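> coordinates for the following, if possible.
(one chain, ligands or ions: 1)
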Amino acid sequence: MCGIIGFVGRKEAAPILLDGLARMEYRGYDSAGIALRSETKGIQVRKSKGRLQTLSELTHGGADLEGVLGIGHTRWATHGEPNDANAHPHVSENGKIALVHNGIIENYLEIKEQLMKYGVTFSSDTDSEVVAQLLEYHYKECGNMMEAVGRCLRRIEGAYAFGIICADYPNALIAARKDSPLILGFSPEGNFIASDVTAILQHTRDVVYMNDGEIAVLTADSIDVFDDEMNPLEKTHSFVEWDVAAAEKGGYPHFMFKEILEQPEAIRKTISPRIRDGRVVLDDIHISAEEARNINHIYIIACGSAYHAGVVAKYIWERILRRPVEVTLASEFRYSQPLVDEHTLVIAISQSGETLDTMAALREAKRLGGRTLAVCNVVGSSIAREAHDVLYTWAGPEIAVATSKGYSTQLVAMDLVGLYLADLLGTIEPEEYSAVLTEMQKLPEKMQTYLENFEDTQYFASRYFNHDSVFFIGRNLDYAMGLEGSLKLKEISYIHSEAYASGELKHGTISLIEPGTLVIALGSYGPLFDKAMSNVVEVRARGAEVLAITTDAFREKMAKTADSVISVPDTHPLLQPTLSIVPLQLFAYYVALQRGCDIDKPRNLAKSVTVE
Ligand code: F6R
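You can find the predicted model right below:
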């Protein structure tokens, strides 16, 4: 969703801003703009609907706009349609103050009406412009920009990350944050604000994470952070482990393809530091055996693919923890009066760590007294910082909108937490614990084996890409994985697809199976393989064309009933989804490629969903 960058330094800011915006393109946007402050021309703004390319052409790569202080924004429309006027930055009526904003101002209409009564005219439909005009109002009132920012923040309600510049302050970039991510970056060439670390990675890995209610003033040489009453704060610097190459395409046709291929390494990085001497060691989780024994209910809250990772975990955790585990969509959890108390463990899974619904659900769980744990990929993200404990997945930056390595590292991270708790509680047999752990360490190598030879997956994609409706069927862990396989296909290829628990098919949906319907049958969960075979027979009898995903051990048997078969190496049944999902990701990728879709940026989707 919306992206913010700001720079103040010793170099021309416009090319830096445009480059930063380009690196956040993956988040999804429908308009973009930059504003620069120059000694001679004051505040200058260029913005346009559509792709960044248009903005770049409009400004000749930034060469048309002079100044070493500026802000930039990519907008994903919420209030007001995507057009030039609604694009950010927004400038106050007298042209002195420019602002970029992520988030939503809830009381903007009320403030707008009041300002209109004072004679202010508005040039956009956005809630963000209201803040630019309110700032001008307070600035005129008190004559001090920081005081004006303080007054303005006390007046507005909602979520925000702001980048603000003022014509009267040649060397000051002002930032403020509440419920919307914003980081500060330090570099010898100048200082940065950004909503996403990938925007500034090529300049610096030395950052400070802003907390809610904080205000920052950046100059070329300094960054000062204040609380909401303007008391100065001491902030801790963090070093970003990601490097710039990890966030670049590096010769691959698409980020998604690169990220699928990166999975063995991402999984290795996520698990290997956490397995020592045959045990799961989670230094970052501070749940004692006694606390674990006190937990009688577990919720997993997440959205989209992260929710699907939670469904896989539910099957595994209930088996090894012997406790009820409920997986709930974060958007539903927050309004469902969930039964959370001090005996409840609530796990929030989120790649970005910024998904608004997951964040709100996590806060609700905390408010109700639950013990919370976040499984996140982005270090310092809001969800990671808000939870009592956090376990990071080490997938590196994920740029493609459709997650792949984000999801598979969530699977193994949840496996680790599950085993850790089962060990604390003594609910898993030592033999099973060791067997799972041993196999877990072999996952990267086994996944690599499949990834070295996936021509058949590519071939089946070219054979089936013309279908307009697809059903994924499976049982238990295969069903849980099918949810993700189906989402992958629909989100990037725009083919309608649905995942069904095979046993449920007969209760209605089987009426949709007719000659030629493509069914992707998931038969990789060993304990229920024979049942998976029966379901293949059942749908084939109704004329379905069946592509089966199974393991090498079952391949021959499956080939007797299914039309086409893809197999992956065998592992412990509880870990099989981590391997079996890979052909489904690649199948979706190649189908989308055949259909000419914009794989890394599917229509209507944003990478990090920071609105409700
Ligand atoms: C689908 C996808 C989304 C995300 C969902 C949650 O490929 O990526 O469904 O999984 O928006 O995002 P995070 O994990 O960042 O909370």
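> not counting sequence-adjacent ones, nearest residue to the residue of the stretch 251-400 of the chain found nearest the ligand?
Residue of the stretch 251-400 of the chain nearest the ligand, by Cβ to the nearest ligand atom: Gly304 (1.9 Å). Where C-beta positions appear, they are placed from N, C-alpha and C, glycine not excepted. What sits nearest to Gly304 in space, not counting adjacent residues and going by Cβ to Cβ, 6 or more residues apart in numbering, is Leu487, at 6.9 Å.
> same question for Ser272.
Among residues not flanking Ser272 along the chain, Gln441 sits closest, at 7.4 Å (Cβ to Cβ, 6+ apart).
> mind listing what that neighbour touches?
Neighbouring residues of Gln441 by Cβ atoms under 8 Å, 6 or more residues apart in numbering: 271-272, 275.
> where does Gly543 sit: helix, strand or coil?
Here Gly543 is recorded as coil under DSSP: H, G, I helix; E, B strand; the rest coil.
> from the chain's centroid, how far away is the strand or helix carrying the residue nearest to Ser272?
Gln441 belongs to helix 430-451 when assigned by DSSP states H and E. Centroid separation for helix 430-451 versus its chain: 27 Å, with Cα atoms, centre = their mean, to the nearest Å.
> buried set for that helix?
Buried residues in helix 430-451, counted by 16 or more other Cβ atoms under 10 Å: 433, 436-437, 439-440, 443-444, 446-448, 450-451.
> so which residue is smack in the middle of this protein?
Nearest to the centroid of the C-alpha atoms of the chain, with distances taken as Cα atoms, centre = their mean, sits Ser352, at 3.4 Å.
> that residue against Ser381, yeah?
Yes - with contact defined as Cβ atoms under 8 Å, Ser352 reaches Ser381; the gap is 6.4 Å.
> and Glu326, that one's in a helix?
No - if the criterion is three-state DSSP, then Glu326 is strand and not within a helix.
> who's in contact with the closest residue to it other than its chain neighbours?
Nearest-residue entry for Glu326: Tyr299, 5.2 Å, with adjacent residues in sequence omitted and distances by Cβ to Cβ, 6+ apart. By Cβ under 8 Å, 6+ apart, the residues touching Tyr299 are 325-328, 333, 338, 340, 344-347, 365, 370.
> rewinding a little: which pair in the buried residues of helix 430-451 spans the largest distance?
Tyr433 and Leu451 (28.2 Å; Cβ to Cβ).
> can stretch 173-186 be found next to the ligand?
No - Stretch 173-186 does not reach the ligand (Cβ under 6 Å from any ligand atom); its nearest approach is 11.6 Å.
> can you give me the end-to-end span of that stretch?
Chord length of stretch 173-186, first to last residue, is 13 Å (Cα to Cα, to the nearest Å).
> helix/strand/coil for the residue in the stretch 501-612 of the chain positioned nearest to the ligand?
Minimum separation of the stretch 501-612 of the chain from the ligand (Cβ to the nearest ligand atom) falls at Val609, amounting to 4.9 Å. Secondary structure assignment for Val609 (three-state DSSP): coil.
> what parts of the stretch 451-600 of the chain come near the ligand?
So far as Cβ under 6 Å from any ligand atom goes, the stretch 451-600 of the chain lies against the ligand at 487, 491.
> the stretch 451-600 of the chain: helices as residue ranges?
Applying DSSP state H, counting those that start in this stretch to the stretch 451-600 of the chain gives helices spanning 455-464, 477-493, 529-541, 555-559, 576-594.
> next one: the stretch 51-200 of the chain
For the stretch 51-200 of the chain, applying DSSP H, counting those that start in this stretch gives helices covering 52-58, 108-117, 127-142, 145-155.
> most tightly surrounded among those?
helix 127-142 (a mean of 22; mean count of other Cβ atoms under 10 Å).
> helices or strands up against that helix?
When contacts are defined as 3 or more Cβ pairs under 8 Å, 6 or more residues apart in numbering; DSSP states H and E, helix 127-142 packs onto strand 90-91, strand 97-102, helix 108-117, helix 145-155, strand 160-166.
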